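1. Could you look at this predicted model? Sequence included:
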Amino acid sequence: MATMKSLIGLINKIQRACTVLGDHGGEGMSLWEALPTVAVVGGQSSGKSSVLESVVGRDFLPRGSGIVTRRPLVLQLHKTEEGTTEYAEFLHAPKKRFADFAAVRKEIEDETDRITGKSKQISNIPIQLSIYSPNVVNLTLIDLPGLTKVAVEGQPDSIVQDIENMVRSYVEKPNCIILAISPANQDIATSDAIKLAREVDPTGERTFGVATKLDIMDKGTDCLDVLEGRSYRLQHPWVGIVNRSQADINKRVDMIAARRKEREYFETSPEYGHLASRMGSEYLAKLLSQHLETVIRQKIPSIVALINKSIDEINAELDRIGRPIAVDSGAQLYTILELCRAFDRVFKEHLDGGRPGGDRIYGVFDHQLPAALKKLPFDRHLSTKNVQKVVSEADGYQPHLIAPEQGYRRLIDGSISYFKGPAEATVDAVHFVLKELVRKSISETEELKRFPTLASDIAAAANEALERFRDESRKTVLRLVDMESSYLTVEFFRKLHLEPEKEKPNPRNAPQPNADPYSDNHFRKIGSNVSAYINMVCDTLRNSLPKAVVYCQVREAKRSLLNFFYAQVGRKEKEKLGAMLDEDPQLMERRGTLAKRLELYKQARDDIDAVAWK
Ligand SMILES: Nc1nc2c(ncn2[C@@H]2O[C@H](COP(=O)(O)OP(=O)(O)OP(=O)(O)O)[C@@H](O)[C@H]2O)c(=O)[nH]1
C-alpha cells in the first residue's frame, strides 16, 4: 500500500507542476482542483500565520498590520530524516535553497509584490513554497488572506468582497479540506471561518475547527463546550492551539520552544489537561496529515480519470493543430517532402478530374482555340485584291508564266503566320489555368495550413516551373507553325492539278475570248487554292497544338512541377530547413503549452501508477 509520505509527496509534485503551467484552478475541472488540499481560513488576526508557523516549527511568514497575506501561499511540507538541515525552496526560484527562514519571509513579501505591486491588492496566483525539515509531517496547506471586515488605508473598498471571493473559490471545492481558525477569546459564533465553512461544507465532513488564543481567554471562561463538541459540532474534533503571543514574537521565542510551551500549557491546564493528547499544533499536524492521506487515497481514481480525460483531449487538440516537427534536419527534410507530396496529390487530382479544374484546359482546346482560328483574317488576306498584290510583288518584273510559285509561297507563309497568335494564346490560356490550379491546390492542402512559409515557397517554385514549361511550350507551338511554312505539302497541290474543275461552268466564270490570264478569276482561283491549303493546315494545327501544349505544360506539370524545388531543398542546410517550417507563432505557442500540459499529465499518471501500486 502506498505510504503517507509517497501519496502526499505525489500530490505535492502534481501541484507544483500545475502551478508551473498556470493551472491553479478556476478554468473548468482543472487538475489542480482535483487535488485534495488543506486551505487555512480565518478572520484577520485569528492566528492563521501562528498556526502555520507552529505546524512548520519555523518563523517564516510575513507579519504586519492590515492585509499581510495577499496571494495564496501553497505550503508543501516534506518530512526529512532526523538531523538533516532544514531548508526551503520556492517554485518561482527553483535553483535557490533558503536555509535562513528570515530570507524566506522576505522572498514571500517580494514575490507577493512582484504580482500585486506595492499596492494592497490581492491576487489568486499562488506562491509555491516547499519546506524540507525533520520537524514537519508530510502535508500541504494553503495560506489564504485573512477574512477581513474593513478596508484599511490603501485598499480598494472591494477588498473585503475580493478576499471572500478568493477564499470561497478555494473552500467551495469538494476536494478542499477546510482548516477553520477561530480565536477562542472571541465568541465562536462570530467566527468568519466557521460561518464560511458551514456555508460551503454544511455537514462539516471536510472542516477541521481550530481554536486559537486559549491562553488569553477572559479569566473564568474556557473553550470546553467547543473542544468537547457540545457546541459548533463538526464531524472532526476541534483542536485547541496556543501560539506565541505578540510579546513572545517580539522576544523572538523560537518555534520549538513555543511548541514545548504549548505542550506544557495543555498538560498542566486544569481545564484542558484531560484533552492534552488531542490538543496542540503537533497533534493538529499529524491529524491533518493522516486525514489528507485518506482523502488522497479516496480521490486517486477520480484524479486518474481526470488525467486520462485531459491526456485524450490534449492529444486530440495536438492532432488537430499538428504535432511538433522534430528539429533534426533529416526529419525536417522528410516533413517538407511529405508536405510537397500532399500538395502534388491535390494538384494532380485537379488535373485528372478528382477535383474541378482540369476540364478548363479541355475548354481551351475545344472552344477557345477553334474560335480564335475561325477569327483569323484569311478572307482579307486572301481577297482577290490582296492575292493580286502579293502575286505581282512576288513576280517582280517577270510575271509568272504558269503558276505563281513565289506568289503562292508568300500567300501561304503570310497566312500561316496568322496561326502564331492563337497558338501562343492557347499556351497562355493553359498556363493561367495551371497557375490557378496551383493556387487552389496550395489552399486546399490541409497539412500546409500550419506552414505559411513553406506554402509560399512551394507556390513560388511551382509557378517558376510553370513559366519554364510555358516558355518551352511557346517555342514548340511556334515551331509547329513554322514547320508548316518550312515545307509545303506537295501532295495537296498534286491533287489540285488532278482534280477536275469543281466549279460548274458558269458563263460568267468561263474564260472569255482574249481574257487576260491574270484576271480576277485567276487570282480568285489562287486565293481559293491557298485558302483550301490553309484550311488543311488549320485542321492539322487544331489537332497538333493541343498535343504540344499538353506535352510541354500539362504533362510536365504532372511529372516534374516541383523537381527543381526538391533539388533546392535537398541542398539547404539545417537552419534554412527550419525556417521553411516556421509556423504561425500563436500556433507554435499553443502547441508548446499543450505539449507541456501533456507532459505534466503523463508524468502525474506515471507517478500515481508508481505510488498507488506500492
Ligand atoms: N497569546 C496568543 N496570541 C496569539 C495566539 N495566536 C495568535 N496570537 C497573536 O495574535 C496576533 C495575530 O496572529 P497571526 O498569526 O498573525 O494572525 P493571522 O490570522 O495570521 O493575521 P493576518 O494573517 O495578519 O490577518 C499576533 O500578535 C499573534 O502573536 C495564541 O494562541 N495566543
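-> On my side now, so go ahead.

2. Phi and psi next, for residue 453.
-> phi -70, psi -50 (degrees, to the nearest 10).

3. Neighbours of it, how many?
-> 12 (other CB atoms under 10 Å). (C-beta placed from N, C-alpha, C; glycine too.)

4. Mind pulling the model confidence for it?
-> Residue 453 carries a pLDDT value of 92.

5. just residue 548 next, same as before
-> 97.

6. so where's the longest helix in the chain?
-> The single longest helix within the chain, with elements called by DSSP state H, is helix 281-321.

7. Let me know the next secondary structure element after it.
-> Sequence order places helix 329-352 as the next helix or strand after helix 281-321, per DSSP states H and E.

8. Close to the ligand: what parts of this structure are there?
-> 42, 44-50, 63, 68-69, 146, 212-213, 215-216, 241-246, 249 (CB under 6 Å from any ligand atom).

9. Looking at those, which are in helices?
-> 48, 49, 50, 246, 249.

10. ok, for residue 465, nearest residue in space, not its chain neighbours?
-> Beyond its immediate neighbours in the sequence, the residue positioned closest to residue 465 (CB to CB, 6 or more residues apart in numbering) is residue 561, lying 5.1 Å away.

11. now the one you found: how far from residue 230?
-> 89 Å (CB to CB, to the nearest Å).

12. So for those two, which residue has more residues nearby?
-> Higher neighbour count among residue 561 and residue 230: residue 561, with 25 against 9, using other CB under 10 Å.

13. show me where the protein has strands.
-> Ranges of strands in the chain, per DSSP state E, are 37-42, 73-79, 87-90, 93-98, 127-133, 139-143, 176-183, 207-212, 239-240.

14. Put together JSON lines for the ones you listed, with mean neighbour count on each row.
-> Formatted as JSON lines, the strands of the chain follow (neighbours: other CB atoms under 10 Å):
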{"stretch": "strand 37-42", "mean neighbour count": "25"}
{"stretch": "strand 73-79", "mean neighbour count": "23"}
{"stretch": "strand 87-90", "mean neighbour count": "20"}
{"stretch": "strand 93-98", "mean neighbour count": "12"}
{"stretch": "strand 127-133", "mean neighbour count": "21"}
{"stretch": "strand 139-143", "mean neighbour count": "25"}
{"stretch": "strand 176-183", "mean neighbour count": "26"}
{"stretch": "strand 207-212", "mean neighbour count": "25"}
{"stretch": "strand 239-240", "mean neighbour count": "26"}
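
15. Rebuild these as a markdown table, extending it with distance to residue 544 and mean pLDDT.
-> Formatted as a markdown table, those follow (distance: least, CB to CB, whole Å; pLDDT from 0 to 100):
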| stretch | distance to residue 544 | mean pLDDT |
| --- | --- | --- |
| strand 37-42 | 83 | 92 |
| strand 73-79 | 82 | 88 |
| strand 87-90 | 82 | 93 |
| strand 93-98 | 76 | 88 |
| strand 127-133 | 79 | 91 |
| strand 139-143 | 85 | 88 |
| strand 176-183 | 84 | 94 |
| strand 207-212 | 94 | 96 |
| strand 239-240 | 102 | 96 |
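
16. Just list the residues touching residue 157, thanks.
-> residue 151 (CB atoms under 8 Å, 6 or more residues apart in numbering).

17. ah, wrong one, I meant residue 359
-> Contacts for residue 359 (CB under 8 Å, 6+ apart) come out as residue 353.

18. One more: residue 342?
-> Residue 342 makes contacts with 445, 446, 447, 448, as judged by CB under 8 Å, 6+ apart.

19. Produce a ChimeraX select command limited to the buried residues of the residues you listed.
-> The ChimeraX selection below is limited to those of the contacts of residue 342 classed as buried (16 or more other CB atoms under 10 Å):
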select :445,447,448
